[in-house]
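Colleague: Kindly return the folded structure for what I paste below:
(chains A and B)
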Amino acid sequence: GQNIDQPTEMTATEGAIVQINCTYQTSGFNGLFWYQQHAGEAPTFLSYNVLDGLEEKGRFSSFLSRSKGYSYLLLKELQMKDSASYLCAVPTNNAGKSTFGDGTTLTVKP
Amino acid sequence: DVKVTQSSRYLVKRTGEKVFLECVQDMDHENMFWYRQDPGLGLRLIYFSYDVKMKEKGDIPEGYSVSREKKERFSLILESASTNQTSMYLCASSLSQEAFGYTFGSGTRLTVV
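Modeller: Take a look at the predicted model:
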């Protein structure tokens, strides 16, 4: 089965950098996703990592270490609009099914 | 852009009613999913489908059924609604999850009274 852990809440200051961690245990690894979900809205796809290392996409970067079962999402130059829940998800089989973590609620303060 | 449309944003139904939640996607995706999202419990998979007329149970299928008669449409059915099915229901689709991830609909907030 799948087990995914993320911190429940984080707070950071506008303009700062924040790292949101995700650890997972899985019987077979097919990559790891990060999604962003603003309050009252649907999740939107942010990133996908299948190989070890850092993938950068603008202000957002995602890192994966398969040997450690660990990923993080790095948000730079934080903006107020980055206040949202960030969900880590692991595909469970080749039919595209994913198991989601409970999400980390990030609050960005002025 | 891929669009996933859920027919209702808010629904209020009575206990015991049969409820249909509709989801339509416009990009010829093979895979479609129904999740529910509850505070403290995260996103939980109810059912998914990887082809027309194909369906598989997710983690919490009890009290639900699904229908996929056409590739673009995936319906979730609550056979006899109960108050513990009050939740946010999210439909998602994907072509190749590895490359693009899920595209979610805007969600249906269902309240069963």
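
Colleague: Tell me the residues of chain B that contact chain A?
Modeller: B:30-31, B:33, B:35, B:40-43, B:45, B:48, B:50, B:56, B:58, B:90, B:94, B:96-107 (Cβ under 8 Å from any Cβ of the partner chain). Bear in mind the C-beta positions are built from the backbone N, C-alpha and C, glycine included.

Colleague: which of those are buried?
Modeller: By neighbour count, with 16 or more other Cβ atoms under 10 Å in any protein chain shown, the residues of chain B next to chain A hold B:30-31, B:33, B:35, B:42-43, B:45, B:48, B:50, B:58, B:90, B:94, B:97, B:100-105, B:107 as buried.

Colleague: Any regions of the chain where pLDDT drops low?
Modeller: Reading this off chain A. A:1-2, A:93-95 (pLDDT under 70).

Colleague: let's do chain B instead
Modeller: B:1-2, B:96-100.

Colleague: in it, which spans are helices?
Modeller: For chain B, applying DSSP state H gives helices covering B:97-100.

Colleague: Spatially central residue for it, please.
Modeller: residue B:34 (2.9 Å; Cα atoms, centre = their mean).

Colleague: Okay, and the beta partners of that one?
Modeller: residue B:47, residue B:91 (DSSP bridges).

Colleague: Identify the residues contacting it.
Modeller: By Cβ atoms under 8 Å, 6 or more residues apart in numbering or on different chains, the contact set of residue B:34 is B:21, B:23, B:45-48, B:58, B:64, B:66, B:74, B:76, B:89-91.

Colleague: again, only this time at 10 Å
Modeller: Residues in contact with residue B:34 (Cβ atoms under 10 Å, 6 or more residues apart in numbering or on different chains) are B:21, B:23, B:44-49, B:55, B:58, B:61, B:64, B:66, B:74-76, B:89-92, B:105.

Colleague: and what of residue B:24?
Modeller: Here residue B:24 is in contact with B:3-7, B:32, B:70, B:72-75, B:91, B:93, B:105 (criterion: Cβ under 10 Å, 6+ apart).

Colleague: Weed out the non-buried ones from these.
Modeller: B:4, B:6, B:32, B:72, B:74-75, B:91, B:93, B:105.

Colleague: Can you give me the neighbour number for residue 52?
Modeller: Defaulting to chain A. The local packing of residue A:52 (other Cβ atoms under 10 Å in any protein chain shown) involves 11 other residues.

Colleague: nope, chain B
Modeller: 14.

Colleague: That one against residue B:30, yeah?
Modeller: Yes: under the criterion of Cβ atoms under 10 Å, residue B:52 makes contact with residue B:30 at 9.1 Å.
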